[in-house]
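Undergrad: have a look at this prediction, sequence included:
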Amino acid sequence: MQSRFWRKEMKFVKWAYEKIRKKPAPYYYQYSLFSYLFKPIRKWITQVIAPNCVFNKIRILLYRMCGFKIGKRVFIGMRCYLDDMCYQLLTIGDDVTISYGVYFACHGRHQGHYPIVIEKGAYIGMRASIISKNAVKTNNHAGGVTIGENSVVGACALVNRDIPNGATAVGVPCRIIEKGKQE
């Protein structure tokens, strides 16, 4: 019942904005009042508390509480940036190791919001940046970036395209230096 009340409140605010400004309301006027209140709390947890927590299990628990999809037996190093604006678009599979200071961005300026999928057993090196700007739809997903199963991303790499299963990618922007073994 409460969520209906909050949604009606926001519909009124959106209507008032459009009448006063005489232009369509921005996308964030679609959010409920609860979302407006919870976003700063989620941002504080994901950008201040979790990245600085010295215990991996607690760090993972905090990220999961904020809505991130994280598999089993995952290690996420300290000082990582997980895109808290698009938490539902970031998926981390089982047995993944994400080293320290890795940056994940599901969107950018004048750009759509696309998913980042890290499949089972992948390893991402220190200070790598995974930026989802790929709007090309493939068989695996509807755009975005996928780091394949058992892939390795080198330290300080810039990943802005898919990495195949079992491959090793390094550089800025990343290039595949070792193809995955086909079984």
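TA: On my side now, so go ahead. Residues are numbered from 1 along each chain as shown.

Undergrad: and stretch 40-57, what's buried?
TA: For stretch 40-57, the neighbour count (16 or more other Cβ atoms under 10 Å) marks 42, 45, 46, 50, 51, 53 as buried. All C-beta spots, glycine's among them, are computed from the backbone N, C-alpha and C.

Undergrad: make that stretch 26-37, sorry
TA: The neighbour-count check on stretch 26-37 (16+ other Cβ under 10 Å) flags 31, 32, 33 as buried.

Undergrad: count of residues packed around residue 109?
TA: Using other Cβ atoms under 10 Å, residue 109 is surrounded by 4 other residues.

Undergrad: just say helix, strand or coil for it.
TA: Under DSSP: H, G, I helix; E, B strand; the rest coil, residue 109 falls in the coil class.

Undergrad: now it: how far from residue 53?
TA: Taking Cβ to Cβ, to the nearest Å as the measure, residue 109 falls 30 Å from residue 53.

Undergrad: likewise for residue 13?
TA: 36 Å.

Undergrad: on that earlier part again, for the buried residues of stretch 26-37, give me JSON lines that also has pLDDT and distance to residue 105.
TA: Shown next, in JSON lines, are the buried residues of stretch 26-37 (pLDDT from 0 to 100; distance: Cβ to Cβ, whole Å):
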{"residue": "31", "pLDDT": "75", "distance to residue 105": "21"}
{"residue": "32", "pLDDT": "74", "distance to residue 105": "25"}
{"residue": "33", "pLDDT": "74", "distance to residue 105": "27"}
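
Undergrad: which of those lies closest to residue 152?
TA: If you rank those by distance to residue 152 using Cβ to Cβ, residue 31 comes first, at 38.2 Å.

Undergrad: contact partners for the closest residue to the closest one other than its chain neighbours?
TA: In space, and not counting its chain neighbours, residue 31 is closest to residue 10: 6.7 Å by Cβ to Cβ, 6 or more residues apart in numbering. Contacts for residue 10 were tallied using Cβ atoms under 8 Å, 6 or more residues apart in numbering; they are 29, 30, 31, 32, 33.
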